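Student: no FASTA, just this:
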């Protein structure tokens, strides 16, 4: 089954404790992206990647890092989480290269930073 | 930069009735895509309907249809014969046409409309 898999689905942590949210897709997609969802703000893009070793900032990249060492994986790293990073996070992927097909979303990760 | 505005934070509709959710957007581009996504309590992002800006015909998917007014930059979603399973948060989203804007396939989202279905 074609899917984008995020882990964990729920995470509670404390300020400053490094964490990684994993994202994996099994569709051989070139394009991957991370969004955060906050009440009253909708979803906003954090980072994106057009291919292996190619990443770039989205609209709200501060406090986050990403890497794309393999085509299927695109982890989101919070080196020193803060309470304002409490949010619902989504990973998404698509074929890329100007493809007009839809974006596939993961199931989301609810992060709480205390 | 593009912006998407959903001016109705909450809406409610009687079961089996019709409801329309509003969305306006701002862009200087001529080629783009517009989407409606549904987010039920499971939090999953589900694509409801997609409209290509170059198509004059309004998209339809079963009970869901859109009213796309390109000149007015308006993209409303009509849900007919509302069902309890339609209760969700609905997001309107914009994407540049990737063939003309190769690179970041970013979706720009509105702030969402929470739809309640009254039995």
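Tutor: Noted; the coordinates are in hand. Keep in mind the model is a prediction, meaning the values are calculated, not measured.

Student: helix or strand: which one has the residue most central in space within chain A?
Tutor: Centroid-nearest residue in chain A, with CA atoms, centre = their mean: residue A:34, separated by 3.0 Å. In this assignment (DSSP states H and E), residue A:34 forms part of strand A:31-38.

Student: list the buried residues in that strand.
Tutor: A:31-37 (16 or more other CB atoms under 10 Å in any protein chain shown). Glycine gets a C-beta too; all of them are placed from N, C-alpha and C.

Student: also stretch A:88-106?
Tutor: A:88-96, A:103-106.

Student: so which of those sits lowest on pLDDT?
Tutor: Of all the buried residues of stretch A:88-106, residue A:96 carries the smallest pLDDT score, 72.

Student: that one: what's it in contact with?
Tutor: Neighbour list for residue A:96: A:29-31, A:50-51, B:105 [criterion: CB atoms under 8 Å, 6 or more residues apart in numbering or on different chains].

Student: make it 7 Å
Tutor: Residue A:96 makes contact with A:29-31, A:50, B:105, according to CB atoms under 7 Å, 6 or more residues apart in numbering or on different chains.

Student: by neighbours, which of these wins?
Tutor: With neighbours taken as other CB atoms under 10 Å in any protein chain shown, the top of these is residue B:105, carrying 27 neighbours.

Student: beta-bridge partners for residue 91, please?
Tutor: All of this is about chain A. Counting by DSSP bridges, residue A:91 is bridged to residue A:34.

Student: try again with chain B
Tutor: residue B:37.

Student: try the one 5 residues further on
Tutor: Legend: beta-bridge partners of residue B:96 under DSSP bridges are residue B:32.

Student: surely it meets residue B:28?
Tutor: No: counting by CB atoms under 7 Å, residue B:96 stays clear of residue B:28, with 10.7 Å between them.

Student: who has more neighbours, these two?
Tutor: More crowded of residue B:96 and residue B:28, by other CB under 10 Å: residue B:96, with 21 against 6.

Student: and stretch A:58-73, how far apart are its ends?
Tutor: 18 Å (CA to CA, to the nearest Å).

Student: same question, stretch B:61-74
Tutor: 19 Å.

Student: stretch B:26-35 now?
Tutor: This stretch, stretch B:26-35, spans 14 Å end to end (CA to CA).

Student: which element is residue 93 on?
Tutor: Chain wasn't specified; assuming chain A. Element membership for residue A:93, per DSSP H and E: strand A:87-94.

Student: nope, chain B please
Tutor: Taking DSSP H and E as the criterion, residue B:93 maps to strand B:88-96.
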